[in-house]
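Student: Here is my input; please provide its structure:
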Amino acid sequence: MIEVNALAHVYDKGRRLKFPCWEIADMEQWLLLGASGSGKSTLLNIISGLLKPSQGGVLINGTDLYTLPAREQDRFRGRHIGIVFQRPHLIRSLNVLDNLELAAVMAGLPIDHERNLSLLTDLGIAELAENYPDELSQGQLQRVSVARALVNRPDLLIADEPTSSLDDENASQVIQMLTAQAKDNGAALIIATHDGRVKNHITKTYLL
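Tutor: Prediction:
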């Protein structure tokens, strides 16, 4: 269970954003909707443990993310939250498999080589395990990003505008991939988007 309680954030120039309370049950799938500038990225960063809110809290299975010391917060995030960013943010000097295994190391978890290969197989990119990011297409990079986000069996999978630069066919494939992988891995899913095409795949919405 993920709970967003009375969140608000104030930026340096005085802009204040307030967010309604939100509960996400285990394995539920949600769209985070809103126009550009409505606060989607701010809310995602708060839920992800990347931005401390000015007010309120985020509870994941009863643990308040922002009451943890910084090092424990990083480790908790690595173990419980998987993030698919708009850009891959892969380490260019590491191959695909090493990028996945680094995610486990950073979370203080043992490397599960078989699981990592299984994730790559499920996403149709097992043959790219020893390739480097610069050798991959944008679609392949996105699939690696999804695999990396799932490595540590997170309770919550977050995707930020995953279809913003894709045509209709590829957008549909990406959404189907995210929803299926979240379900298969037992994770709740939040997709932040302003892309109306995504509404055809997920019915629960949180609107800013």
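Student: going forward, measure contacts between C-alpha atoms and count neighbours the same way
Tutor: Fine.
Student: Give me the residues contacting stretch 24-33.
Tutor: Contacts with stretch 24-33, where a contact means C-alpha atoms under 8 Å, 6 or more residues apart in numbering, come from 1-3, 40, 155, 179, 182-183, 186-194, 199, 202-208.
Student: Now, of those, which are buried?
Tutor: 2-3, 40, 155, 179, 182, 186-194, 199, 202 (16 or more other C-alpha atoms under 10 Å).
Student: related to what we said a few turns ago, give me the subset of the contacts of stretch 24-33 that lies in strands.
Tutor: Counting by DSSP state E, the contacts of stretch 24-33 place 2, 3, 188, 189, 190, 191, 192, 193, 204, 205, 206, 207 in strands.
Student: Go ahead and list the helix or strand containing the closest residue to the third one other than its chain neighbours.
Tutor: Take residue 188 and drop its neighbours on the chain: the residue closest to it by C-alpha to C-alpha, 6 or more residues apart in numbering is residue 27, 3.8 Å away. Under the criterion DSSP states H and E, no helix or strand holds residue 27.
Student: For residue 27, give its distance to residue 115.
Tutor: Using C-alpha to C-alpha, to the nearest Å, residue 27 is found at 20 Å from residue 115.
Student: picking up where we left off before, for the ones in strands among the contacts of stretch 24-33, which one is nearest residue 66?
Tutor: Nearest to residue 66, judged by C-alpha to C-alpha, of the ones in strands among the contacts of stretch 24-33 is residue 3 at 12.7 Å.
Student: Next, the nearest residue to that closest one once chain neighbours are set aside: secondary structure please.
Tutor: Closest residue to residue 3 apart from its sequence neighbours, by C-alpha to C-alpha, 6+ apart: residue 23 at 4.6 Å. At residue 23 the chain is in strand, as set by DSSP: H, G, I helix; E, B strand; the rest coil.
Student: So between residue 27 and residue 115, which is more surrounded?
Tutor: Ranked by neighbour count (other C-alpha atoms under 10 Å), residue 27 and residue 115 place residue 27 first, with 19 against 13.
Student: contacting residues around the lowest-mean-pLDDT helix or strand in the chain?
Tutor: Ranked by mean pLDDT, DSSP states H and E, the helix or strand of the chain with the weakest confidence is helix 168-184, at a mean of 85. With C-alpha under 8 Å, 6+ apart as the test, helix 168-184 has contacts from 27, 29, 123, 146, 157, 162, 163, 188, 189, 197, 198, 201.
Student: Do you have the strands of the chain handy? List them.
Tutor: Using DSSP E, strands in the chain cover 2-10, 16-19, 22-24, 29-33, 55-60, 63-64, 81-84, 156-160, 188-193, 204-207.
Student: Of all the ones you listed, which one comes closest to residue 92?
Tutor: Going by C-alpha to C-alpha, the one of the strands of the chain nearest residue 92 is strand 81-84, 16.9 Å.
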